[in-house]
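[1] Give me a model of this one.
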Amino acid sequence: MADLAITYSLTTELLRSIVSSRMGTIIHGQLEAGVLYTPAHVRNIKAQLRGALRGTAAPAALNNLVRDLGIDSFGSSNSMVAQLVDELLQEGAVRGTMKGGGGSWVPTIHTAAQQTAVHGFYQQNGWVAYDLVRKSGISNEKSYLKQTFPEGIALDSVYVPPTTLSAAEASVDETLRNSSWLDISTVLPPALGSADVVQLLDKCSDLLKDKGQVLCSTCIVSTPLITAARDKAESSAKQEADKAVAERKRAAAKTAGGSNSSSNGPTAGTRSSSPVKKQSAAAKEPNDSDDDWSTGSKKGKGKGKSNAGKAKAKSSSTSSSTGSSKQQKGGGSSDGGTALSLSVLTDLVLELYPDMEDAGPSRNLARCIAELIRPAAIVTYQEQLASVFTSNAEARRKVKDAAVKSLDEAFSLLQLYVHGCQLVQADESTLSVMQRHLLRSTGTDALDALLTWCKFEFVEPDAPLPAADSSTNGTGTGAAGVIAFASPAERSSLVKALPPDVGQPVAKAVEAAVGTDPQEFMSQLEAAATECSIRLRRLDKKSEKALLTAQKARLMQLLQAEQSPATALALALPLLTVKVGNKLLNVPGRAIAGVLAALQPSMQEEDYAVVQQFHQLVVESLKMQSKQQQDASDEHEQAADVEGQLGLLLPKLKTLVGVEAGT
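    Prediction:
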C-alpha cells in the first residue's frame with residue numbers, strides 16, 4: 001500500500017480506506033498488515049505450504065519453514081501463515097497439529113512413530129519411564145499411559161504392567177513361606193527406583209501381615225528369621241547380664257572387706273517370726289500372768305532385758321544398706337554397653353545369616369535387623385539384672401502390703417476391744433488386767449505390723465522375708481508375713497535404725513505398748529503410722545457395728561465345732577459379752593471371773609450358773625493337768641469326772657451364746 005500511495009501521490013490512510021471499502025466487490029484479494037495479496041498469490045503460497053507440510057516428518061517451526069520456502073515477505077505475517085495452515089487442516093490437505101500457540105508444526109506421522117516406539121518399549125521391557133514418554137513428545141504422560149494401557153500400574157517414575165506386581169507378590173510369598181529374606185529390587189526391572197519399589201511393596205502389604213516386615217525400604221524379612229535373631233540376641237544379653245552381675249559381686253566383695261564380720265550377726269526382728277516363738281519369748285516378759293485361769297495373782301519377776309544388742313542391730317542394718325547401695329555399682333551399664341552395641345549385634349546377625357552381607361540398598365540389611373532386635377535385647381539385659389538384684393522385690397512389696405493390712409485390722413479390732421472394756425469399767429482391777437492384755441496382744445500385733453513395714457521400707461529392704469502364717473493369734477487378726485518380734489529390746493533396736501523423723505513417733509508407740517493406757521497407745525500408733533504415710537481408720541458407728549458382726553460370726557463358727565472345754569470357754573465369753581452388752585471383749589484367763597461378775601446383773605440366774613460352773617470346772621481341769629505325781633490313779637478318776645461334767649455342760653454353753661449344739 002505504501003508503494004501505491006507513492007505512485008499515485010496519495011496518502012497511505014486515504015488509500016487504505018479506499019481499498020478496504022472495495023475489498024470483495026471491485027478488488028479481490030487480502031489486505032493484511034498494509035500489504036495487499038492477490039488470490040493467485042495466496043493460492044500459490046498455500047500450495048507451497050501444503051507441499052512443505054506434507055513433506056515434513058518431524059516437528060518444525062513455521063518461521064523456519066517459511067524462510068526455507070523463500071516466502072519471507074508473506075511469512076512476515078504470522079497470522080496469515082497460521083490461517084492458511086488451519087485452512088489446510090480443515091480441508092484435510094495435511095495431517096498434524098499446531099503447537100506452541102501456532103508457532104510450530106507436528107506432523108501426525110511423527111506422533112504416530114513416537115507412540116509406536118513407546119508402545120513397543122513397554123511391550124518389550126515390561127515398563128516404561130515417564131521421562132522417555134516426555135522425550136517422545138507426548139505430554140501428560142501418566143494420563144496417556146493410563147489411557148493407552150488401562151491395566152497397567154502407575155508408579156513414581158515408571159509405568160509397569162500387572163505382571164510386574166504378580167511377580168513381586170510371588171517372590172514375597174515364597175520368601176515368607178521359606179522363612180527367609182529377599183531384596184525385592186533384585187527381582188524387579190532395574191529401572192525401578194527405590195520409591196517405585198516401596199510403592200509396589202505397599203501393594204503387597206496384605207501378604208505380609210504378621211508373617212514378615214519390610215526393612216531397608218526394599219528388603220522382605222520373614223518373622224521367624226527376625227524371631228531367631230532376636231532370640232539369639234536375648235540369649236547373648238542374658239549372658240552379658242550374668243557377666244555384669246558377677247563383676248558387681250566381685251566389686252562388692254572387694255569393697256565390703258572386713259565389714260562382712262559385723263553384718264553376720266542377727267538383726268532386729270529376724271530371730272522370731274512364728275507365733276510359737278513369740279509366745280515363748282513373751283513368757284519371759286514381766287507380768288506374764290494374764291492368761292492364768294486361776295483366781296490367784298502373780299507378781300512380775302523383774303524388768304525386761306536391757307538394750308544390749310542395739311548397737312549390733314544398727315551395725316547390721318547399716319552394713320546391709322551399704323551393701324545394697326554398692327550393688328548399684330560395678331560392671332555393666334543399663335543398656336548392656338558395647339556388648340549390645342549395633343556393631344556387635346550386626347555381627348551376630350551376619351553370623352546367623354552370612355548371605356546378608358552387603359544386602360540392601362545401602363548394604364545395611366544386617367544393621368537394620370540389629371536395630372530392630374536391639375531394644376528387646378536391652379530389655380532382656382535389664383530384666384536379667386533386675387531378676388538377680390530384685391528377685392524378692394515383689395515378695396517384699398506383698399509383705400509390706402500385708403503388714404499395712406494387718407496393722408489396719410489390728411487397729412480396728414483394738415478400738416473395738418477398748419470400747420468393750422466399758423462393760424468392766426466399774427471393776428478397776430479387772431479393767432487394768434483387760435487393758436494390759438489388749439496392749440500385749442492386739443496392740444502388740446498392730447505394733448509389730450508397723451515395725452515390719454518400717455523394717456522393709458527403711459532399714460533392711462533385702463532382709464529375709466518373714467514366713468507366711470495364715471493362723472490367728474487369738475485376737476482375730478491374721479498376721480501372715482508379719483514379723484513377731486521376740487522382745488521390746490528387738491523393737492527398740494529396730495527403732496534406732498529408722499530415720500529420725502520416723503523413729504521418734506515409732507519409739508513413742510513402742511514405749512506406749514508396754515504401758516497400761518490403750519488410748520495413749522492408739523494415739524501414738526496413729527501418729528507413727530501417719531509419719532509413715534499410712535492412714536489408720538477410726539471406727540464410726542457403722543463400721544464398728546459391721547466389725548462386731550463379723551467377729552461374732554467368726555467366733556460362732558469356731559465355737560460350733562470346738563470340743564475342747566478351755567478353748568470353748570475362751571470363745572464363748574466374747575460371744576456372751578456381745579449377747580449381753582453388745583460389746584466385744586478379748587478376755588484373758590485372769591479377767592474371766594471379773595467379766596462374769598460384770599455380766600451377772602444382765603443375765604438370767606440359770607444362765608449365769610451354767611457359765612460359772614463351766615468356768616470352775618475348766619480351772620479345776622487345768623490344775624489337774626498341770627500336776628505331775630507318781631501315783632495319779634485318784635487324780636485320773638477325778639479328772640475323768642470333771643471332763644464328764646464339762647462334756648455335759650458344753651452343749652448348754654454353746655446354746656446359751658446362740659450356737660447350735662450337737663454339731
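[2] so which strand or helix has the residue nearest the centre of the chain?
    The centroid of the chain falls nearest to residue 379 when counting by CA atoms, centre = their mean (12.8 Å). Taking DSSP states H and E as the criterion, residue 379 maps to helix 365-389.
[3] The following helix or strand past that helix packs against which elements?
    Taking DSSP H and E as the definition, the helix or strand that follows helix 365-389 towards the C-terminus is helix 393-420. Helices and strands touching helix 393-420, by 3 or more CB pairs under 8 Å, 6 or more residues apart in numbering; DSSP states H and E, are helix 428-438, helix 444-454, helix 518-531, helix 541-560. Heads up, the C-betas are built off the backbone N, CA and C, glycines and all.
[4] can you pull out the strands in this protein?
    Taking DSSP state E to define them, one finds strands in the chain at 30-32, 35-37, 60-61, 96-99, 104-107, 128-129, 153-154, 158-160, 181-183, 212-215, 219-222.
[5] I'd like to know which of these lies nearest to residue 606.
    Closest to residue 606 of those is strand 212-215 (CB to CB; 87.0 Å).
[6] Report the buried residues of the closest one.
    212-215 (16 or more other CB atoms under 10 Å).
[7] ok, these vs residue 230, which is closest?
    Nearest to residue 230 among the buried residues of strand 212-215, with distances taken as CB to CB, is residue 213, at 12.0 Å.
[8] I figured that closest one was touching residue 221, is that so?
    Yes: with contacts counted by CB atoms under 8 Å, residue 213 reaches residue 221, the gap being 5.6 Å.
[9] follow-up on the earlier one: of the helices and strands packed on helix 393-420, which approaches residue 228 most closely?
    For the helices and strands packed on helix 393-420, distance to residue 228 was read as CB to CB. The smallest value, 46.9 Å, belongs to helix 444-454.
[10] now for the lengthiest helix in the chain, which elements pack on it?
    The longest helix of the chain (DSSP state H) is helix 223-256. With contacts taken as 3+ CB pairs under 8 Å, 6+ apart, helix 223-256 sits against strand 212-215, helix 310-326, helix 342-352, helix 365-389.
[11] Least reliable of these by average pLDDT, please.
    Mean pLDDT is lowest for helix 310-326 among these, at a mean of 37.
[12] Please point out which parts of stretch 359-367 sit buried.
    359-360, 364-367.
[13] My error: substitute stretch 179-189 in the last question.
    Buried, per 16+ other CB under 10 Å, within stretch 179-189: 179-185, 188.
[14] Also stretch 203-211?
    So, applying 16+ other CB under 10 Å, buried residues of stretch 203-211: 204, 207-208, 211.
[15] Start and end of it, how far apart?
    15 Å (CA to CA, to the nearest Å).
[16] per-residue confidence averaged over it?
    So the average pLDDT for stretch 203-211 ends up being 80.
[17] next one: that stretch to chain centre, how far?
    28 Å (CA atoms, centre = their mean, to the nearest Å).
[18] outside of it, which residues touch it?
    153, 165, 168-169, 172-173, 176, 214, 220, 222-223 (CB atoms under 8 Å, 6 or more residues apart in numbering).
[19] Mind doing that once more with 7 Å?
    For stretch 203-211, contacts defined as CB atoms under 7 Å, 6 or more residues apart in numbering pick out 165, 168-169, 172-173, 176, 222-223.
[20] before we move on, the earlier item: next one: the helix holding residue 379 to chain centre, how far?
    17 Å.
[21] Check stretch 379-398 too.
    For stretch 379-398, the separation from the chain centroid amounts to 16 Å (computed by CA atoms, centre = their mean).
[22] try stretch 574-587
    Distance of stretch 574-587 from its chain centroid, counting by CA atoms, centre = their mean, is 50 Å.
[23] That one - what's its average pLDDT?
    The predicted confidence, averaged over stretch 574-587, sits at 91.
[24] List the contacts of that stretch.
    Here stretch 574-587 makes contact (CB under 7 Å, 6+ apart) with 416-417, 419-420, 422-423, 434, 437-438, 441-442, 475, 548, 551-552, 555-556, 559, 573, 595, 599, 602-603, 611, 657-658.
[25] Around residue 8, how many other residues sit close by?
    As a burial measure, residue 8 scores 9 neighbours (other CB atoms under 10 Å).
[26] Revised request: answer the last question for residue 568.
    22.
[27] now it, nearest residue through space, not along the chain?
    residue 562 (4.7 Å; CB to CB, 6 or more residues apart in numbering).
[28] Phi and psi next, for that neighbour.
    phi -80, psi 130 (degrees, to the nearest 10).
[29] Can you give me the distance of it to residue 646?
    Noted for residue 562: a distance of 12 Å to residue 646, by CB to CB, to the nearest Å.
[30] Of those two, give the one with the bigger neighbour count.
    With neighbours defined as other CB under 10 Å, residue 562 and residue 646 compare such that residue 646 has more, 22 against 19.
[31] wait, that one sits on residue 566?
    No: here residue 646 lies out of contact with residue 566, judged by CB atoms under 7 Å, at a distance of 9.2 Å.
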